[in-house]
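Asks: Quick one: sequence and predicted model below, then my questions.
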Amino acid sequence: MRARHTVLGMLLVASAAAGACEGLVASDGWIRQPPPGSPHAAGYLVLTNAGKRAITIERVASPDFEAAMLHETRYSDGRAQMRHVHSLELAPGERVEARPGGLHVMLMRPRIALTADALIELDITCAAGAPVAAWLSVRRSPPPSSAPDTED
Ligand SMILES: [Cu+2]
């Protein structure tokens, strides 16, 4: 069995990518611990294109959940609505932060217990490329760097 707990509570997990995800760096990944028995959870991370060419993320998946997709929360008339983000393009040097109240990874039907500090694998697939693995740490509350946007 793969160890699912971090040794030092490390949050930042970076992946240098190959193929069509070349230059993609995923860091600061975390998942808000859902209530026990909840059929879904939301994951967050920072995606940076450190390469010289545009990257298009086409799909996300996790072996720890039956389904995963990128979602974006939008507010209209004071109500939050989520929509599926089918693809996400990152220009060279661009940094996109998934955080509460905005872009997030919707994770559905967990296959493992989402205990605090568990590490969840997220496989990011770019156009025609092999998936790149990122790691999301299960947390009870957001890390200080990722407080929700409450201004709007
Ligand atoms: Cu969602």
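Replies: On my side now, so go ahead. Residues are numbered from 1 along each chain as shown.
Asks: Might you report the residue contacts of A67?
Replies: By Cβ atoms under 8 Å, 6 or more residues apart in numbering, A67 lies in contact with 61, 107-109. Backbone N, C-alpha and C define where each C-beta goes, glycine included.
Asks: Dig out what it forms beta bridges with.
Replies: On DSSP bridges, the residues paired with A67 through beta bridges are M108.
Asks: most neighbours, which of the contacts of A67?
Replies: Neighbour counts for these (other Cβ atoms under 10 Å) peak at L107, which has 27 neighbours.
Asks: got the contact list for it?
Replies: L107 neighbours (Cβ under 8 Å, 6+ apart): 31, 40-43, 62, 64-65, 67-68, 120.
Asks: Give me the buried subset of these.
Replies: By neighbour count, with 16 or more other Cβ atoms under 10 Å, the contacts of L107 hold 31, 41-43, 62, 64-65, 68, 120 as buried.
Asks: okay, and for this structure, where does confidence drop off?
Replies: Residue ranges of the chain with pLDDT under 70: 1-19, 146-152.
Asks: residue contacts, the residue located most distally from the centre of it?
Replies: Relative to the C-alpha centroid of the chain, counting by Cα atoms, centre = their mean, D77 is the outermost residue, at 27.1 Å. With contacts defined as Cβ under 8 Å, 6+ apart, D77 has no neighbours.
Asks: how about a markdown table for the contacts of A67, with distance to R99 added?
Replies: Shown next, in a markdown table, are those (distance: Cβ to Cβ, whole Å):
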| residue | distance to R99 |
| --- | --- |
| A61 | 21 |
| L107 | 15 |
| M108 | 20 |
| R109 | 23 |
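Asks: is any part of the helix or strand encompassing M69 close to the ion?
Replies: Under the criterion of DSSP states H and E, M69 resides in strand 65-76. Yes: when contact is scored as Cβ under 5 Å from the ion, part of strand 65-76 falls within range of the ion: H71.
Asks: which parts of that strand are buried?
Replies: Result for strand 65-76 [16+ other Cβ under 10 Å]: buried residues 65, 68-71, 73.
Asks: List every C-alpha atom in that strand, with coordinates, as PDB.
Replies: The C-alpha trace of strand 65-76 is given here as PDB (Å, rounded to 0.1, in the frame of the first residue of the first chain):
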ATOM      1  CA  PHE A  65     -12.600   9.100  -6.200                       C
ATOM      2  CA  GLU A  66     -15.000   7.700  -8.700                       C
ATOM      3  CA  ALA A  67     -15.200  10.900 -10.600                       C
ATOM      4  CA  ALA A  68     -13.500  14.300 -10.700                       C
ATOM      5  CA  MET A  69     -13.800  17.500 -12.800                       C
ATOM      6  CA  LEU A  70     -12.900  21.100 -12.700                       C
ATOM      7  CA  HIS A  71     -15.700  23.400 -11.500                       C
ATOM      8  CA  GLU A  72     -16.100  27.100 -11.200                       C
ATOM      9  CA  THR A  73     -18.400  28.700  -8.700                       C
ATOM     10  CA  ARG A  74     -20.100  31.800 -10.000                       C
ATOM     11  CA  TYR A  75     -22.400  34.100  -8.100                       C
ATOM     12  CA  SER A  76     -25.600  35.500  -9.600                       C
END
